[in-house]
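A.B. asks: Could you look at this predicted model? Sequence included:
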Amino acid sequence: MEYDTKQSELTFDSEDGNNIDNHYLHAIEAYIFASEYPVEFKKLQLIVPQAKNLRIYLDILEKQYAHRGIQFVKRGTAWCFRTNPYYANWLSDFRKEEQTLTPVTLEILSIIAYHQPITRTEIETIRGVSVSKKIIDTLLDLDWIAVKGTRNVIGKPMLWGTTTQFLDHFGLKDISELPGLTDLRKSGLIDMHPPE
C-alpha cells in the first residue's frame, strides 16, 4: 500500500489563521509515536525545521487526541502519547512489574521534587540524616533525577532536580502540578493536626 502523498501535502488553516501542512503534522505525530520517551520541543524543531509555528502543530495534535483512547500530552518541555487515564484500569494485562521503591527513596525523591534545584547537603539537612549513594543511583537509573548545575559556593556542589521522565511517570505536565500542602492533607498523606 502506498502512502497518499496528495493527502499528505494538503494544507489547512488552524483556528488562528496559520497555514498548516498535513505532511509536517503527520511527520511530527509519527516521530513522537515511535519514540520510547517524551520528545523535547527543541528536538522536534531540529527534526521538522520546515514546520513553522511548531507549537500550533502540537496544539492541533493535542486537540485531535483529547477524547481518544490515547492522548497526546505535554511533559515539561517534551511531548508524548500516553493512555487516556480513563482506560488505564482496562489495561492491567499489559502492566510491567515495577521496581518497588523504599519509603526512604520516595522521601528523597519528594524532597528533590519539592525543593529543586537542591544539593545533597541540603537534602541531608532537611532529612536530618545522610543520603545513601545507592538511593541517588537508583533515582538516576530510573532517570527521574539529573544534575541541573552547581551551587555557586565553595566546592561547587551539584544541584539535583527532576527530569521529563519523572513528570511522565507521575503523569504531570510540569512540576507545578505536584500536590500542595492542602492537597496532601486532604489525601491523608500528612497529619491534619501536627503536634505542637
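C.D. replies: Looks like it arrived, so ask away.
A.B. asks: per-residue pLDDT, Lys156?
C.D. replies: As summarised for this prediction, Lys156 has a pLDDT of 92.
A.B. asks: tell me the contacts of it?
C.D. replies: When contacts are counted by Cβ atoms under 8 Å, 6 or more residues apart in numbering, Lys156 touches Thr150. All C-beta spots, glycine's among them, are computed from the backbone N, C-alpha and C.
A.B. asks: Could you look up the SS state of His67?
C.D. replies: Under the three-state scheme (DSSP: H, G, I helix; E, B strand; the rest coil), the conformation of His67 reads as coil.
A.B. asks: phi, psi of it?
C.D. replies: Geometry field for His67 lists phi and psi as phi -120, psi 40, criterion degrees, to the nearest 10.
A.B. asks: mind listing what it touches?
C.D. replies: Shown in contact with His67 (Cβ under 8 Å, 6+ apart): no residues.
A.B. asks: Next: Trp160.
C.D. replies: Trp160 makes contact with Ile112, Gln116, Pro117, Ile118, Thr119, Arg120, Ile123, Ile136, Ile145, Ala146, Val147, Lys148 under the criterion Cβ under 8 Å, 6+ apart.
A.B. asks: Just give the number of residues close to the third one.
C.D. replies: If I follow you right, that is Pro117. 16 (other Cβ atoms under 10 Å).
A.B. asks: Tell me the pLDDT of it.
C.D. replies: Looking at Pro117, the pLDDT reads 94.
A.B. asks: Could you tell me the end-to-end distance of stretch 66-80?
C.D. replies: This stretch, stretch 66-80, spans 13 Å end to end (Cα to Cα, to the nearest Å).
A.B. asks: my bad, should have said stretch 121-132
C.D. replies: With Cα to Cα as the measure, stretch 121-132 spans 12 Å from end to end.
A.B. asks: what comes into contact with it?
C.D. replies: Counting by Cβ under 8 Å, 6+ apart, stretch 121-132 makes contact with Val104, Glu107, Ile108, Ile111, Ile112, His115, Arg120, Pro157, Trp160, all of which sit outside it.
A.B. asks: Repeat the analysis, applying 7 Å as the threshold.
C.D. replies: For stretch 121-132, the surrounding residues in contact (Cβ atoms under 7 Å, 6 or more residues apart in numbering) are Ile108, Ile111, Ile112, His115, Arg120, Pro157.
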